[in-house]
Structure formats: C-alpha cells, structure tokens
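Trainee: here's my sequence, what's the structure:
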Amino acid sequence: STPEYKKYQSYHLNVDPDQDDKATEIKICHFSRPHMRAFHCSWWSFFIAFFIWFAIAPLLSEIKETLDLSKQQVWTSSIAG
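Mentor: The predicted model follows:
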C-alpha cells in the first residue's frame with residue numbers, strides 16, 4: 001500500500017483523518033487566523049457601509065434644512081433618487 005501523505009503534522013482545528021483531514025469544526029469567533037480576521041473585517045465593513053448608506057435617507061429632511069440645500073442639490077446628491 002502507498003504511504004499516506006499528510007500536508008501538516010498538526011492542525012489548530014479538529015480534523016477527520018478519514019476525509020483527507022477536512023475540518024470537523026469552524027471556530028467562527030476566533031481572530032487568531034488570518035482567514036477569520038479577513039472574514040470578520042469584510043462582513044463588518046459591509047454592515048457599516050450598508051447601515052450608513054440607508055441611514056441617511058430618513059434624515060434627508062433634517063440634512064436639507066441644516067445644510068440649507070435646494071431641491072436641485074438634494075437630487076444631485078443621489079440620496080433621494
């Protein structure tokens with residue numbers, strides 16, 4: 001029989017040796033690995049951008065008054081349309 005090839009001798013996760021060392025768990029709340037840091041930074045950045053983009057529409061009347069914007073300036077700002 002051919003010897004079993006292993007890429008790594010040990011892992012930081014539990015793996016199943018019968019399935020080519022596929023992980024049996026996902027440590028979703030750990031920031032120790034660069035993959036998880038990238039994952040969390042990307043979803044957090046998307047959430048912030050989404051929240052900021054859609055949070056300004058309900059405040060449009062207040063923003064218009066505070067900045068003394070004309071109707072044309074509001075339309076060209078791409079907030080209302």
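Trainee: for the rest of this, base every contact and every neighbour count on C-alpha atoms.
Mentor: Will do.
Trainee: all strands in this structure, in order from the N-terminus.
Mentor: Here the chain has its strands, by DSSP state E, at 15-16, 22-23.
Trainee: now do the contacts for Thr76.
Mentor: Going by Cα atoms under 8 Å, 6 or more residues apart in numbering, Thr76 touches no other residue.
Trainee: where does the chain have low pLDDT?
Mentor: 1-4, 78-81 (pLDDT under 70).
Trainee: let's go with 50 and repeat that
Mentor: 81 (pLDDT under 50).
Trainee: longest helix in it, please.
Mentor: The longest helix of the chain (DSSP state H) is helix 34-55.
Trainee: neighbouring contacts of it?
Mentor: By Cα under 8 Å, 6+ apart, helix 34-55 touches Ile28, Cys29, His30, Phe31.
Trainee: what sits closest to Val15 if chain neighbours are left out?
Mentor: Sequence neighbours aside, Ala23 is the residue nearest to Val15 in space, at 4.3 Å (criterion: Cα to Cα, 6 or more residues apart in numbering).
Trainee: from Ser10, how far out is that neighbour?
Mentor: Look at Ala23 and Ser10: by Cα to Cα, to the nearest Å, they are 12 Å apart.
Trainee: could you check which of these two has the larger neighbour count?
Mentor: Ala23 (14 against 9; other Cα atoms under 10 Å).
Trainee: tell me which residues in stretch 53-71 are buried?
Mentor: By neighbour count with 16 or more other Cα atoms under 10 Å, stretch 53-71 contains no buried residues.
Trainee: ends of it, how far apart?
Mentor: Across stretch 53-71, first to last residue, Cα to Cα, it's 20 Å.
Trainee: centre of the chain to it, how far?
Mentor: 28 Å (Cα atoms, centre = their mean, to the nearest Å).
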